[in-house]
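Chemist: Quick one, fold the following:
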Amino acid sequence: MDEQDNVSHENKNTMLNFLDRIQFLNIKIWDFSFRSLIRVYGREFMTKIILRHPIKTIKGIQHYRNSPGTHIGVNRSFNSESNADLSITGVGFCLKPLDPPCVSGRANHDCLFFERNLHLTNQVIPCCEECRIQKIGRLAFAAGHSFYIMTSARDILHDVFLPALNKRQYSKGIFALCRYSFEPFKLALSIARIEADLIPYERGDCADYHTWLLADDGIKEERTELSADNLNTIEQLIQQSTTTDSVPNRFNKIGNLFYPQ
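Modeler: Residues are numbered from 1 along each chain as shown. Predicted coordinates:
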């Protein structure tokens, strides 16, 4: 890239950042969207959602623009299409412990604790004792939620947003994620018609596109943390959205998600 190209690229970033700052058209992801267009996730979001579902995308953008804060409410224009009442709880892989390290590895959807259903026994793995994923997963299980350890944006697109949009697989969600991801996540939720609450990490989360992109590729050296207040909020939200009258028998991992059965 020559000097002229560099100047042009910087000018575009400056303009897009300005649009984000003034919340042009009540949209706050101008810079993120522009940068993502050259990524696999951005291209697939364009072809599999925006171009394939243009009307739902327009309605979703309108709903996003009218949804300030950390809650995405019910999209009334889609109520007649939805007969689902399925809930999903999602957390980022970056909550996994570093010392001692997670036995399941880090940048993946795996959790040995739930794959072996150790939450139904008294067996405890040292790295799992203070793991937030273990604590939140237990709550999701008891409430009858599907449980998802989130990694890349592309995986979330295929595991959550597309199934919700195409099959109405999920209608409600609770997600713990970095504050930088809030706005693009809210837009995707609005288009996919998922009523959801977003809970921010307190420390260690991505602060800009560069660090977000590294984490999206599984490069995250710092462990993220949830405050005690936000962990309590997650517990309350999960309990309020319980979808079962009895505790399920086990978690069953199918693909990248854990399903209560």
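Chemist: so Gln73 touches Tyr64, yeah?
Modeler: One correction, residue 73 is Gly, not Gln. No. Contact criterion Cβ atoms under 8 Å: Gly73 and Tyr64 do not qualify, at 10.8 Å. Heads up, the C-betas are built off the backbone N, CA and C, glycines and all.
Chemist: Mind checking which of these two has more residues around it?
Modeler: With neighbours defined as other Cβ atoms under 10 Å, Gly73 and Tyr64 compare such that Tyr64 has more, 23 against 12.
Chemist: Leaving aside the residues adjacent along the chain, what's closest to that one?
Modeler: Once flanking residues are discounted, Tyr64 sits nearest to Ser190: 4.0 Å by Cβ to Cβ, 6 or more residues apart in numbering.
Chemist: Does the one you found touch Gly60 like I think?
Modeler: Yes. Contact criterion Cβ under 8 Å: Ser190 and Gly60 qualify, at 4.2 Å.
Chemist: Ser181 touches Asp208, doesn't it?
Modeler: No. Applying Cβ under 8 Å as the test, Ser181 and Asp208 come out as separate, 11.5 Å apart.
Chemist: Looking at these two now, which is surrounded by more residues?
Modeler: Ser181 (24 against 9).
Chemist: For Thr121, see how far away that one is.
Modeler: 34 Å (Cβ to Cβ, to the nearest Å).
Chemist: likewise Phe45?
Modeler: The spacing between Phe45 and Thr121, counted by Cβ to Cβ, is 41 Å.
Chemist: Looking at the two, which has the bigger crowd around it?
Modeler: Phe45 (25 against 8).
Chemist: Okay, strands next: where are they in this protein?
Modeler: Secondary structure of the chain, counting by DSSP state E: strands at 71-72, 87-92, 146-150, 172-177, 195-200, 251-254, 257-260.
Chemist: avg pLDDT for the third one?
Modeler: In this model, strand 146-150 has a mean pLDDT of 98.
Chemist: Okay, now the sheet partners of it, with direction.
Modeler: Strand pairing for strand 146-150, determined by DSSP bridges: strand 87-92 (parallel), strand 257-260 (antiparallel).
Chemist: in this structure, which residue is closest to the centre?
Modeler: Residue closest to the average C-alpha location in the chain (Cα atoms, centre = their mean): Phe175, at 5.4 Å.
Chemist: which residues sit in contact with the residue lying closest to that one once chain neighbours are set aside?
Modeler: Distances taken as Cβ to Cβ, 6+ apart place Gly90 nearest to Phe175, at 4.4 Å, with adjacent residues excluded. Neighbouring residues of Gly90 by Cβ atoms under 8 Å, 6 or more residues apart in numbering: Phe147, Tyr148, Ile149, Met150, Ile156, Val160, Gly173, Ile174, Phe175, Ala176, Leu177.
Chemist: does the fifth one really touch Met150, like I thought?
Modeler: Right, Ile156. Yes. Assessed by Cβ under 8 Å, Ile156 is found in contact with Met150 at 5.6 Å.
Chemist: Pull the residues that contact stretch 237-248.
Modeler: Contacts for stretch 237-248 (Cβ under 8 Å, 6+ apart): 85-87, 89, 136, 139-145, 172, 174, 197, 199, 260-261.
Chemist: Please repeat the previous calculation with a cut-off of 6 Å.
Modeler: Ser87, Leu139, Ala142, Ala143, Gly144, Ile174, Asp197, Pro260, Gln261 (Cβ atoms under 6 Å, 6 or more residues apart in numbering).
Chemist: now swap in stretch 147-162 and tell me
Modeler: Identification of contacts with stretch 147-162 by Cβ under 6 Å, 6+ apart yields 40-41, 88-90, 92-93, 107, 109, 137, 140, 188, 192, 216, 256-258.
Chemist: show me where this structure has helices.
Modeler: In the chain, the segments counted as helices under DSSP state H are 3-21, 30-36, 40-45, 54-65, 112-115, 132-143, 153-156, 162-167, 182-192, 209-216, 228-240.
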